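Colleague: Sharing a model prediction with you, sequence too.
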Amino acid sequence: MNDPDSSIHEIAKIIEGDVAMSAKVLQLANSAFFGLAQKVTTLSNACSYLGMQTIKSLALASEAFRVLKPHSAHSTLRLRVYRETRTLRGRHRRRATRK
């Protein structure tokens, strides 16, 4: 994902290998937050719509929460990741309302 020459279709192919991440990407793209007129049914379309930065943020948050178990010694980090995710969600919400 850090390669500037990566295409959104290549990223979608990688995500296809992870069922949980695939479901999260499709769920986000089809959420009421974005209010699309029709349902997004392919990962490629979902990734195109969400954009590379949103996909990166979702992957990072997903992995962080997978690694950090509840009640672990990493609760401060978990809280920081949660707050960063909320901040990114707010940015994407503002960007979506400008369109």
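Modeller: Thanks, I have the structure now.

Colleague: List the buried residues of the lengthiest helix in the chain.
Modeller: In terms of residue count, the longest helix belonging to the chain (DSSP state H) is helix 75-98. Judged by neighbour count using 16 or more other CB atoms under 10 Å, the buried positions of helix 75-98 are 78, 81, 85, 88, 92. Where C-beta positions appear, they are placed from N, C-alpha and C, glycine not excepted.

Colleague: hmm, who's touching that helix?
Modeller: Under the criterion CB atoms under 8 Å, 6 or more residues apart in numbering, residues 33-34, 54, 57, 60-61, 64-65, 68, 72 lie in contact with helix 75-98.

Colleague: what's the most distant pair in those?
Modeller: Phe34 and Ser72 (32.6 Å; CB to CB).

Colleague: which regions of this protein lie under the pLDDT threshold?
Modeller: Applying pLDDT under 70 to the chain flags residues 1-6, 67-78, 98-99.
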